[in-house]
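K.L.:
sequence and computational prediction follow.
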Amino acid sequence: MSFTQIDITKALSTVDDPDLKRDLISLGMVKDIKISTGKVSFTVVLTTPACPLKEKIRQDCEDAVRQVVGEETEIDIFMTSSVTSLRDNAPLLPGVKNIIAIASGKGGVGKSTVTSNLAVALAQSGAKVGLIDADIYGPSIPTMFNCEHEQPSIKQVNGKNTIIPIEQYGVKLISIGFLAPPDSAIVWRGPMASSALKQFFTDADWGDLDYLLIDLPPGTSDIHLTLVQTVPVTGAVIVTTPQKVAIADANKGLAMFKQSQINVPVLGIVQNMAYFTPEELPENKYYIFGKDGGKNLADKYSVPLLGEIPLVQGIRESGDSGLPAVLKGGPAAEAFQDLAQTLARQIAIRNAEKITYASA
Ligand SMILES: Nc1ncnc2c1ncn2[C@@H]1O[C@H](COP(=O)(O)OP(=O)(O)OP(=O)(O)O)[C@@H](O)[C@H]1O
């Protein structure tokens, strides 16, 4: 059977990425089509390392190409990934592909717990991840990463003092808590904290990152404004519990991101403490903070519900002991891993809506 590169390209242009709802060729996801005697090979570049559709996409490609090359030809498909970005050539942090703000309306809903586990889960999936703890009222990330007593180092880069983030569990991190002892954090005033946050963008060596997560203070504050005025933010994630008072505040937080002066796309909502589960009886679910509050909020604003995290004693213990729950395995870890996958997909979908791809 004879065929050319054009035939293979045509075949692959019938295969859609199920999330992005466009074909792999016009998305620029197929590279290096090679034909040799009895063999055809090509590379599929997925938009997230933890793509749950990897096997389906691989099989769809094989099926499409098989129709063109017949049964005798060997088909070699290399699956790889490259996280997409709308920040190419950005003046600040050009090596950072996506900047994600994690916010909540109310304090104590588990925003820092979700952020730290998300960061580690994304890193586990093979992504390059950074984390800025900008929560001046309760910078808890150093505790959750067991590096309370560490200090980021300062290095001279091109004659300029540059902050080198700490690295823990595969995540590069800087916390506003490193700059002030935990018990004095409350005296931080907006302008001081805002200039510290700016410095984390302008004077830190983040290198190349797929995702830089920002753990924001609860509610709305100067810090939120500083963030959106300093760097273009890819999107925001809102963490809430299902409880009525938390939802009311999450509503305000979400509305803030949608305001025209802020204008940050909301990637979705995370419902934390969605239900209580005793670790020894994981199939038992008790909806102690109410049910579906996060889902109803997501429906109201037509944004995705990215995931639901149960209230589990182990999650609290892991936060306090400095070893994020996602590293310990079990249902809680899986909930965070699923959440990370869904968020990464949502970012890829958002980016694909805006990126114009060159054909392969
Ligand atoms: N899913 C969960 N299961 C059990 N405990 C949790 C869960 N999520 C958070 N917690 C616990 O709830 C407390 C508050 O969580 P966390 O510090 O993450 O909230 P927060 O929203 O970041 O708070 P703030 O922004 O006000 O500092 C912590 O003790 C944490 O360990």
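P.N.:
In hand now; what should we look at?
K.L.:
other SSEs contacting the longest strand along the chain?
P.N.:
The longest strand of the chain (DSSP state E) is strand 266-276. For strand 266-276, the packing partners by 3 or more Cβ pairs under 8 Å, 6 or more residues apart in numbering; DSSP states H and E come out as helix 111-124, strand 235-240, helix 244-258, helix 293-301, strand 305-311, helix 330-354. C-beta coordinates here come from the backbone N, C-alpha and C atoms, glycine included.
K.L.:
just so I know, which of these lies nearest the ligand?
P.N.:
Each of those has some distance to the ligand by Cβ to the nearest ligand atom; the shortest is helix 111-124, at 3.3 Å.
K.L.:
and that closest one, does that touch the ligand?
P.N.:
Yes: counting by Cβ under 6 Å from any ligand atom, the ligand is contacted by helix 111-124 at Lys111, Ser112, Thr113.
K.L.:
list the contacts of the last one.
P.N.:
In this structure, Thr113 makes contact with Met144, Asn272, Ile315, Gly319, judged by Cβ atoms under 8 Å, 6 or more residues apart in numbering.
K.L.:
coming back round to it: put together TSV for the helices and strands packed on strand 266-276, with distance to Val44 and mean pLDDT on each row.
P.N.:
Output for the helices and strands packed on strand 266-276, formatted as TSV (distance: least, Cβ to Cβ, whole Å; pLDDT from 0 to 100):
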stretch	distance to Val44	mean pLDDT
helix 111-124	21	97
strand 235-240	25	96
helix 244-258	34	90
helix 293-301	31	92
strand 305-311	25	95
helix 330-354	14	93
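K.L.:
pLDDT of the longest strand of the chain, averaged?
P.N.:
Averaged across strand 266-276, the pLDDT comes to 95.
K.L.:
residues of that strand that come out buried?
P.N.:
Val266, Leu267, Gly268, Ile269, Val270, Gln271, Asn272, Met273, Ala274, Tyr275 (16 or more other Cβ atoms under 10 Å).
K.L.:
ok, now stretch 145-159?
P.N.:
For stretch 145-159, a neighbour-count test (16+ other Cβ under 10 Å) marks Phe145, Cys147, Glu148, Pro152 as buried.
K.L.:
gap between the two ends of it?
P.N.:
31 Å (Cα to Cα, to the nearest Å).
K.L.:
follow-up on the earlier one: nearest to the ligand, of the buried residues of stretch 145-159?
P.N.:
Phe145 (12.5 Å).
K.L.:
residues from the stretch 151-300 of the chain in reach of the ligand?
P.N.:
Within the stretch 151-300 of the chain, the residues that sit near the ligand (Cβ under 6 Å from any ligand atom) are Pro218, Asn272, Met273.
K.L.:
contacting residues around the first one?
P.N.:
Yep, that's Pro218 we're talking about. So Pro218 contacts Ala103, Ser104, Gly105, Lys106, Gly107, Gly108, Val109, Lys111, Asp135, Tyr137, Asp249 (Cβ under 8 Å, 6+ apart).
K.L.:
pLDDT below threshold where in the stretch 151-300 of the chain?
P.N.:
The stretch 151-300 of the chain contains residues with pLDDT under 70 at 181-189.
K.L.:
in it, what residue comes closest to the ligand?
P.N.:
The ligand sits closest to Pro218 of the stretch 151-300 of the chain, with a gap of 4.4 Å, by Cβ to the nearest ligand atom.
K.L.:
need phi/psi at that residue.
P.N.:
Torsion angles at Pro218 (phi, psi; degrees, to the nearest 10) stand at phi -70, psi 160.
K.L.:
the nearest residue to it once chain neighbours are set aside: which element?
P.N.:
Leaving out its chain neighbours, the residue that sits closest to Pro218 by Cβ to Cβ, 6 or more residues apart in numbering is Gly107, at 4.0 Å. Here Gly107, judged by DSSP states H and E, is contained in no helix and no strand.
K.L.:
could you pull up phi and psi at Gly107?
P.N.:
Main-chain dihedrals, Gly107, degrees, to the nearest 10: phi -80, psi 160.
K.L.:
go on, Asp88?
P.N.:
Backbone torsions of Asp88, given as degrees, to the nearest 10, read phi -60, psi 140.
K.L.:
how many neighbours does the residue nearest to it when sequence neighbours are not counted have?
P.N.:
Spatially, and ignoring its direct neighbours in sequence, Asp88 is nearest to Pro94 (7.4 Å; Cβ to Cβ, 6+ apart). Neighbourhood size, Pro94 [other Cβ atoms under 10 Å]: 12.
K.L.:
restrict stretch 203-220 to CA atoms and write it as PDB.
P.N.:
Output of stretch 203-220 as PDB, limited to C-alpha atoms (Å, rounded to 0.1, in the frame of the first residue of the first chain):
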ATOM      1  CA  ASP A 203      13.000  39.900  41.400                       C
ATOM      2  CA  ALA A 204      12.600  36.100  41.800                       C
ATOM      3  CA  ASP A 205      14.200  33.500  39.600                       C
ATOM      4  CA  TRP A 206      11.300  31.200  38.700                       C
ATOM      5  CA  GLY A 207      12.900  29.700  35.500                       C
ATOM      6  CA  ASP A 208      10.600  27.800  33.300                       C
ATOM      7  CA  LEU A 209       7.200  26.900  34.800                       C
ATOM      8  CA  ASP A 210       4.100  25.300  33.400                       C
ATOM      9  CA  TYR A 211       1.900  26.600  36.300                       C
ATOM     10  CA  LEU A 212       2.600  29.300  38.900                       C
ATOM     11  CA  LEU A 213      -0.100  29.200  41.500                       C
ATOM     12  CA  ILE A 214      -0.800  32.200  43.800                       C
ATOM     13  CA  ASP A 215      -2.500  31.600  47.100                       C
ATOM     14  CA  LEU A 216      -4.300  34.800  47.700                       C
ATOM     15  CA  PRO A 217      -5.700  36.200  51.000                       C
ATOM     16  CA  PRO A 218      -9.400  35.400  51.600                       C
ATOM     17  CA  GLY A 219     -11.900  38.000  50.400                       C
ATOM     18  CA  THR A 220     -11.000  41.000  48.200                       C
END
